[in-house]
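Novice: I'll drop the sequence and a predicted model, then ask my questions.
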Amino acid sequence: MRSGIFSEIRNIRSAGTLGRVRRRILPAEDAVCETDMVPVFVCQAILFDLDGVLVDSTPCVTRVWSEWAREHGLDPEYVVHQAHGQRSIETIRRVAPQLDAQKENAIVEQREIDDTDGLRLLPGAKQLLTALPPERYTIVTSGTRQLATRRLQIVGLPVPASMITADEVARGKPDPEPYLAGAAALGVDPNDCVVFEDAPSGIHSAKAAGMRVIGVTTTYRAEELSGADLIIKSLEVVGAPTNAHREIVVSIDDGVRADSGDCAR
């Protein structure tokens, strides 16, 4: 566990920076609802969830958790749905509290590491990461370091040195700890971070950490991601150049935005 990161988290919490953060959208906050405007978020760093944002691991997750559920007489569809967006040990505790969570977690993790059939890079992920300075982004995942590293290597993405994984936090998403750890690892204030997430628990985590969030509808429907500041279909629509002030300017192609009504939130 990274003691420096967690002392920084304590400092952030004590400074009272976990409140609502204003959206820096130009030319006005409500421009996100105007179809002829391009939403823009200005930030110092970008934090990415892994599964469902950069990598599609759905076939692997579905197979592993369905098999595990059947072995324990549980509903596979329910278990798979619960498994998205949170640490596997927390899924086990929720769906089968009578089992030895540590033991079962080790079994599930090894199966997920071994099962890479159908694992693929999601559209736009490599292009976006390549465009970003390496020290200005990281990955915050509910998977373990071994699992996250394996999946990144399989799809050909770099493994950030600052990556935050399930085995490096005491409380997983939806608690803010993982995203606070990500900001601290990059040396950036949470207020100056933008997060890409595909799961409600991750959105709750990032918002509780005081960050702006862009939801991606790869795993959940847009209406289930309503806590995000904006909802998109894919990273293909995202641009993130650095301006003259060394700020990252995250812009969204407004024409292919996903939404649950008349306005992407």
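Specialist: Structure received.
Novice: please enumerate the strands of the stretch 101-250 of the chain.
Specialist: 120-121, 137-139, 193-197, 212-216, 230-232, 238-239, 248-252 (DSSP state E, counting those that start in this stretch).
Novice: Serialize the ones you listed to JSON lines and add fields for mean neighbour count.
Specialist: Quick note: C-beta positions are derived from backbone N, CA and C, even for glycine. JSON lines is the format used below for the strands of the stretch 101-250 of the chain (neighbours: other CB atoms under 10 Å):
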{"stretch": "strand 120-121", "mean neighbour count": "15"}
{"stretch": "strand 137-139", "mean neighbour count": "24"}
{"stretch": "strand 193-197", "mean neighbour count": "28"}
{"stretch": "strand 212-216", "mean neighbour count": "27"}
{"stretch": "strand 230-232", "mean neighbour count": "26"}
{"stretch": "strand 238-239", "mean neighbour count": "18"}
{"stretch": "strand 248-252", "mean neighbour count": "19"}
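Novice: TSV for those strands, including mean pLDDT?
Specialist: TSV is the format used below for these (pLDDT from 0 to 100):
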stretch	mean pLDDT
strand 120-121	98
strand 137-139	98
strand 193-197	98
strand 212-216	97
strand 230-232	95
strand 238-239	96
strand 248-252	96
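Novice: of all these, which one is nearest residue 69?
Specialist: Set against residue 69 and scored by CB to CB, the strands of the stretch 101-250 of the chain come closest in strand 120-121, at 23.8 Å.
Novice: and that closest one, what does it pack against?
Specialist: strand 55-56 (3 or more CB pairs under 8 Å, 6 or more residues apart in numbering; DSSP states H and E).
Novice: which residues sit against the strand it packs on?
Specialist: Residues outside strand 55-56 that contact it (CB atoms under 8 Å, 6 or more residues apart in numbering) are 118-122, 125, 151-152, 155, 157, 218.
Novice: of those residues, grab the buried ones for ChimeraX.
Specialist: The ChimeraX command for the buried members of the contacts of strand 55-56 (criterion: 16 or more other CB atoms under 10 Å) is given here:
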select :119,121,122,125,151,152,155,157,218
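Novice: among the contacts of strand 55-56, which ones are in helices?
Specialist: 125, 151-152, 155 (DSSP state H).
Novice: got TSV for those residues, with pLDDT and distance to residue 200 too?
Specialist: TSV is the format used below for those (pLDDT from 0 to 100; distance: CB to CB, whole Å):
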residue	pLDDT	distance to residue 200
125	98	21
151	97	21
152	98	24
155	97	24
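Novice: in a markdown table, list these along with distance to residue 102.
Specialist: Below are the ones in helices among the contacts of strand 55-56 laid out as a markdown table (distance: CB to CB, whole Å):
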| residue | distance to residue 102 |
| --- | --- |
| 125 | 32 |
| 151 | 22 |
| 152 | 25 |
| 155 | 29 |
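Novice: can you pick out the most distant pair from those residues?
Specialist: Across the ones in helices among the contacts of strand 55-56 (CB to CB), the longest gap, 11.8 Å, separates 125 and 151.
Novice: that older thread, can I get the contacts of strand 55-56 in TSV including distance to residue 38?
Specialist: Listed next are the contacts of strand 55-56 as TSV, based on distance: CB to CB, whole Å:
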residue	distance to residue 38
118	34
119	33
120	29
121	26
122	22
125	21
151	32
152	30
155	29
157	27
218	22
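Novice: what residue ranges in this structure are flagged as low confidence?
Specialist: The chain contains residues with pLDDT under 70 at 1-37, 254-265.
Novice: and the residue of it most remote from its centre, which of the three is it?
Specialist: Computed with CA atoms, centre = their mean, the residue of the chain farthest from its C-alpha average is residue 73, at 30.4 Å. Under DSSP: H, G, I helix; E, B strand; the rest coil, residue 73 falls in the coil class.
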